[in-house]
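Asker: got a predicted model here, sequence first, then my questions.
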Amino acid sequence: MAGSSAVYTSCRPHARAFLLPADQRGGLLPAAAWRRGGAAPRASLVAARTATEEAVYEVVLRQAALVEDLQGRRAAREAEAGRRRWRDEQVEQEGDAELGWGLLGDAYDRCGEVCAEYAKTFYLGTQLMTPERRKAVWAIYVWCRRTDELVDGPNSSYITPKALDRWEKRLEDLFEGRPYDMYDAALSDTASKFPIDIQPFRDMIEGMRLDLWKSRYRTFDELYLYCYYVAGTVGLMTVPVMGIAPDSKASAESVYNAALALGIANQLTNILRDVGEDSRRGRIYLPLDELAQAGLTEEDIFRGKVTDKWRRFMKGQIQRARLFFDEAEKGVMHLDSASRWPVLASLWLYRQILDAIEANDYNNFTKRAYVGKAKKFLSLPAAYARAALSP
Ligand SMILES: CC(C)=CCC/C(C)=C/CC/C(C)=C/CC/C(C)=C/[C@@H]1[C@@H](COP(=O)(O)OP(=O)(O)O)[C@]1(C)CC/C=C(\C)CC/C=C(\C)CCC=C(C)C
Ligand SMILES: [Mn+2]
């Protein structure tokens, strides 16, 4: 596998994370709690985390530390200098002193348009945020969408590990203030204004690398790492922009942990909804050992018949996804008030997909689980009312 990642290169437990009791560390990850049958977090269970969970948690800790970190601000200053050079070059080329700034405004507007086109409800949610935050979330959204398109879009059959290496180089450049195009310029500007670290972005590219060669997951641990790469990272990227409520007593670490959990929950839900669709592309994003324990084989997935064994298996998978949603929900109320509503609404809407799978009698082979418009619209004011409460 090309490229490097903190998650792969560092599997030793973070000393601080290991020593603190679980309740001061944002709790035991739901993955570990799951292995204990959903047991409540306890310090004595900390050692039950796998090396993968520890390694992912290490990234969480680093992101949380960045919020107050001077180093982050210094890097941002250096990147800002780079961006200023980029704007000066644009101005020089165009001979218009206003153009450098105008281009950046256009770049953000384009990001907003892409977001509105691909994620309508979410775009609506961003309207409640401050203009600075809204633009930043759009820029992150567009980068994630483009990254996913590399392996899932119309040109995906031409994508090689080399192309992903080039995409990562572009990412490094934009973080250093050398954007390649206008969408990159928007993210580059965002990275200079918020304490965002490059690592979660790198890790998302790592997830895309996995998609190029890996179509089976032997254990939940392997799947967990994939989910972190492609979705947990989104939580870590966006919290610095969403902001933590100034009156919140929660540690930055616990909020980041919740954001990670939301990404994992979303991705697990995505996977459970798309079992049939993925299998038709030859992919099984389910832990093979758990399938075997349930008396199921790969063939059963490809055959796509809902049996009692399948129902039992799905019940367990849904229960685990809900544990991650529960973990995430604890953190949402600690986000800045204007960011709470869109996040809570998205959490509730996504969680309802699990209900829809149940309502379809676990037929996720040929029936798509979706949340109807009426349910969607009922969730929005409910989430709004809940989000209005103080943490
Ligand atoms: C404290 C607390 C709970 C904070 C909240 C932090 C937060 C906002 C977490 C967001 C988590 C989130 C929305 C994750 C997105 C997960 C996702 C949809 C991942 C998808 C990956 C690939 O899956 P796949 O290819 O199987 O799926 P498709 O068939 O292609 O759908 C992704 C597609 C990766 C790319 C991710 C995006 C395009 C989403 C990026 C979203 C944002 C930047 C906005 C997130 C913000 C809010 C408010 C929800
Ligand atoms: Mn995709």
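Answerer: Arrived safely, thanks for sending. Ligands and ions are numbered 1, 2, ... in the order given.

Asker: which residues of the chain fall in strands?
Answerer: Assigned by DSSP state E, the strands in the chain fall at 216-217, 284-287.

Asker: quick one, which of these gets closest to ligand 2.
Answerer: Among those, strand 284-287 comes nearest to ligand 2, with 11.6 Å by CB to the ion. C-beta: built from backbone N, CA, C; applies to glycine.

Asker: briefly note if the closest one comes near ligand 2.
Answerer: No - where contact is defined by CB under 5 Å from the ion, no part of strand 284-287 touches ligand 2; the two come within 11.6 Å at best.

Asker: surely R320 touches I271?
Answerer: No - checked against CB atoms under 8 Å, the pair R320 and I271 is beyond contact range at 11.1 Å.

Asker: the closest residue to W143 other than its chain neighbours: neighbouring residues, count only.
Answerer: Closest residue to W143 in three dimensions, ignoring its sequence neighbours and counting by CB to CB, 6 or more residues apart in numbering: L187, at 5.1 Å. By other CB atoms under 10 Å, 28 other residues sit near L187.

Asker: check contacts around L187.
Answerer: For L187, the set of contacting residues under the criterion of CB atoms under 8 Å, 6 or more residues apart in numbering consists of A139, I140, V142, W143, L174, P179.

Asker: do that again at 10 Å, thanks
Answerer: Taking CB atoms under 10 Å, 6 or more residues apart in numbering as the definition of contact, the neighbours of L187 are 107-108, 111, 136, 138-144, 146, 171, 174-175, 179, 196, 201, 237.

Asker: can you pull the domain assignment for the chain?
Answerer: 49-69+197-391, 79-194 (automatic domain parsing).

Asker: tell me the most buried of these?
Answerer: Looking across the domains of the chain with neighbours counted as mean count of other CB atoms under 10 Å, the highest average goes to domain 49-69+197-391: a mean of 19.

Asker: does ligand 1 sit close to it?
Answerer: Yes - residues of domain 49-69+197-391 are located near ligand 1 by CB under 6 Å from any ligand atom, namely 230-231, 234-235, 238-239, 255, 258-259, 262-263, 266-267, 270, 328, 331-332, 335, 342-343, 346.

Asker: quick one: P200 and A191 touch, right?
Answerer: No - checked against CB atoms under 10 Å, the pair P200 and A191 is beyond contact range at 11.6 Å.

Asker: just the helices from the stretch 151-300 of the chain, written as ranges.
Answerer: For the stretch 151-300 of the chain, applying DSSP state H, counting those that start in this stretch gives helices covering 161-175, 182-193, 199-213, 220-227, 233-242, 252-273, 275-280, 288-293, 298-303.

Asker: output the first one as PDB - backbone C-alpha positions only.
Answerer: Once side chains and other backbone atoms are set aside, the C-alpha atoms of helix 161-175 remain, and they are given as PDB (Å, rounded to 0.1, in the frame of the first residue of the first chain):
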ATOM      1  CA  PRO A 161      -2.300   4.300  -6.300                       C
ATOM      2  CA  LYS A 162       0.000   6.800  -8.100                       C
ATOM      3  CA  ALA A 163      -3.000   9.100  -8.800                       C
ATOM      4  CA  LEU A 164      -3.900   9.000  -5.100                       C
ATOM      5  CA  ASP A 165      -0.200   9.800  -4.300                       C
ATOM      6  CA  ARG A 166      -0.500  12.900  -6.600                       C
ATOM      7  CA  TRP A 167      -3.800  13.800  -4.900                       C
ATOM      8  CA  GLU A 168      -2.000  13.600  -1.500                       C
ATOM      9  CA  LYS A 169       0.800  15.800  -2.900                       C
ATOM     10  CA  ARG A 170      -1.800  18.400  -3.900                       C
ATOM     11  CA  LEU A 171      -3.200  18.200  -0.400                       C
ATOM     12  CA  GLU A 172       0.200  18.900   1.100                       C
ATOM     13  CA  ASP A 173       0.700  21.800  -1.200                       C
ATOM     14  CA  LEU A 174      -2.600  23.400  -0.400                       C
ATOM     15  CA  PHE A 175      -1.900  23.000   3.300                       C
END
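
Asker: give me the average confidence score over that helix.
Answerer: With pLDDT averaged residue by residue, helix 161-175 scores 98.

Asker: wait, does that helix contact ligand 1?
Answerer: No - against ligand 1, helix 161-175 shows no contacts by CB under 6 Å from any ligand atom, the least distance being 13.4 Å.

Asker: what inclination does that helix have with respect to helix 199-213?
Answerer: In terms of direction (axes from the mean of the first three to the mean of the last three CA atoms, to 10 degrees), helix 161-175 departs from helix 199-213 by 170 degrees.

Asker: now do the second one
Answerer: Here the directions of helix 182-193 and helix 199-213 differ by 140 degrees (the same axes, to 10 degrees).

Asker: and for the fourth one?
Answerer: Between helix 220-227 and helix 199-213, the angle formed by their directions is 120 degrees, by the same axes, to 10 degrees.

Asker: on contacts alone, who are the packing partners of helix 220-227?
Answerer: Of the remaining helices and strands, those touching helix 220-227 by 3 or more CB pairs under 10 Å, 6 or more residues apart in numbering; DSSP states H and E are helix 30-35, helix 51-66, helix 199-213, strand 216-217, helix 252-273, strand 284-287, helix 288-293, helix 308-332.

Asker: could the strands of the chain be laid out in CSV, adding mean pLDDT?
Answerer: Converted to CSV, the strands of the chain look like this (pLDDT from 0 to 100):
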stretch, mean pLDDT
strand 216-217, 98
strand 284-287, 98
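
Asker: with distance to E299 added, can I get the ones you listed in JSON lines?
Answerer: Below are the strands of the chain laid out as JSON lines (distance: least, CB to CB, whole Å):
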{"stretch": "strand 216-217", "distance to E299": "13"}
{"stretch": "strand 284-287", "distance to E299": "11"}
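
Asker: quick one, which of those gets closest to A245.
Answerer: strand 284-287 (34.6 Å; CB to CB).

Asker: gap between the closest one and the chain center?
Answerer: 19 Å (CA atoms, centre = their mean, to the nearest Å).

Asker: so which elements touch that strand?
Answerer: Applying 3+ CB pairs under 10 Å, 6+ apart, one finds that strand 284-287 makes contact with strand 216-217, helix 220-227, helix 252-273, helix 275-280, helix 298-303, helix 308-332.
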